[in-house]
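*Asks:* okay, predicted coordinates and the sequence, questions at the end:
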Amino acid sequence: MRRSCDFLIDSFIDKRLHPDVRTILRLGTYQLHWMKIPDHAAVNDTVSLAPQWARGLCNAVLRKIAQEAPEWPTKAIEHSYPDWIVERLETDLGTYEAEEALKCMNRSKSAISREDGYYQDATSQLVSDLLIQEGSWGNGLIVDICAAPGGKATAAASHGHPVVAADSSFKRLQLARSNSLKLKLELPLVVSDGTNLPFRKGQASRVIVDAPCSGLGVLRRRADARWNIKEEDIVVLADLQLKLLCSALSMLKPGGLLIYSVCTLTNLETTGVDERFRELVEVEQVTPVSAPWRKHGAGGMILPQDLDSEGMCVFCYIAK
């Protein structure tokens, strides 16, 4: 809640603050307005952290913050997001759903243990369920081309399916290796550029592309990411996602299942990529319409507030 805290602090002081003093004031402001700690306790404990020369200032500012209800000028400041994220989600989701998602992603989250003991967010488990579902594609090889840290690949392997986990990052792929060892699973690992896979074409029954994305559905887990991602990055990511999908499709046997999932909520990376993909290639669409997935274009979406979880979008295809 850095931006929100700074707005409240700057409402009562107009001079440049020493970085350490600002940090201390942020701690106190957060306790007062979001943790609901009693005023006297929050103020006294916070002031005690300040250097002697700044204690009078910290005491005065925090007492003013405690006494006056904030008047937020924008939703972005109230919920502590960059302006562009709020504007983008309001455009793509609508004002109400966007604000509910933004509020939900400011709350702490917890993962859920799978049957095998692996902790994974509920929406990621739902994507894994789509991957391991039985269908006309059979029970042959499953390839996860953006596998690290291995949540979906280990879910499939734990159900007895033959799985190969590929990722472009050797370092991140070691997380998948560590997780598979903990679960006592056989999981072959391949360091590979997902847009130029080193596998023989047409050999997989199922391929999943859990693609790199802006991550705007998982900001409760990666709170600092909102300040690192730029709006122009989304265009670059959408182009990469399309390349990954086209590469993944070449891996599939006719009738094979292709799953595209992203933990973001922007249309450009979800329905936009889906539409561009289907303009380039010929596939049969399979839509996950059952609850808790919301219909999202030709695919499905779960917003953070739906399950008090991470946000996720998914699209399923059958190769021809």
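*Replies:* Ah, there it is.

*Asks:* every contact and neighbour count from this point should use C-alpha atoms.
*Replies:* OK.

*Asks:* can you tell me which helix in this structure is longest?
*Replies:* With secondary structure taken from DSSP state H, the chain has its longest helix at helix 231-249.

*Asks:* that one - contacts with which helices or strands?
*Replies:* strand 204-210, strand 252-262, helix 271-280 (3 or more CA pairs under 8 Å, 6 or more residues apart in numbering; DSSP states H and E).

*Asks:* let's see 7 Å
*Replies:* Counting contacts by 3 or more CA pairs under 7 Å, 6 or more residues apart in numbering; DSSP states H and E, helix 231-249 packs against helix 271-280.

*Asks:* chain center to stretch 155-172, what's the gap?
*Replies:* 20 Å (CA atoms, centre = their mean, to the nearest Å).

*Asks:* oh, I was asking about stretch 192-209
*Replies:* So, by CA atoms, centre = their mean, the centroid of stretch 192-209 is 24 Å from its chain's centroid.

*Asks:* and that stretch, what's buried?
*Replies:* Buried positions in stretch 192-209, judged by neighbour count with 16 or more other CA atoms under 10 Å: S192, D193, G194, T195, L197, Q203, A204, S205, R206, V207, I208, V209.

*Asks:* wait, doesn't the first one sit right on D167?
*Replies:* Yes - with contact taken as CA atoms under 7 Å, S192 and D167 are classed as touching, separated by 5.5 Å.

*Asks:* spatially central residue in this protein, please.
*Replies:* V218 (2.7 Å; CA atoms, centre = their mean).

*Asks:* dump the residue contacts of it.
*Replies:* By CA atoms under 7 Å, 6 or more residues apart in numbering, the contact set of V218 is C263, E310, G311.

*Asks:* residue boundaries of the strands in this structure?
*Replies:* 112-113, 119-120, 142-144, 163-167, 189-191, 204-210, 252-262, 283-286, 294-296, 299-302, 312-319 (DSSP state E).

*Asks:* dump those strands into CSV; add mean pLDDT as well.
*Replies:* Formatted as CSV, the strands of the chain follow (pLDDT from 0 to 100):
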stretch, mean pLDDT
strand 112-113, 70
strand 119-120, 76
strand 142-144, 96
strand 163-167, 94
strand 189-191, 93
strand 204-210, 96
strand 252-262, 96
strand 283-286, 86
strand 294-296, 94
strand 299-302, 96
strand 312-319, 96
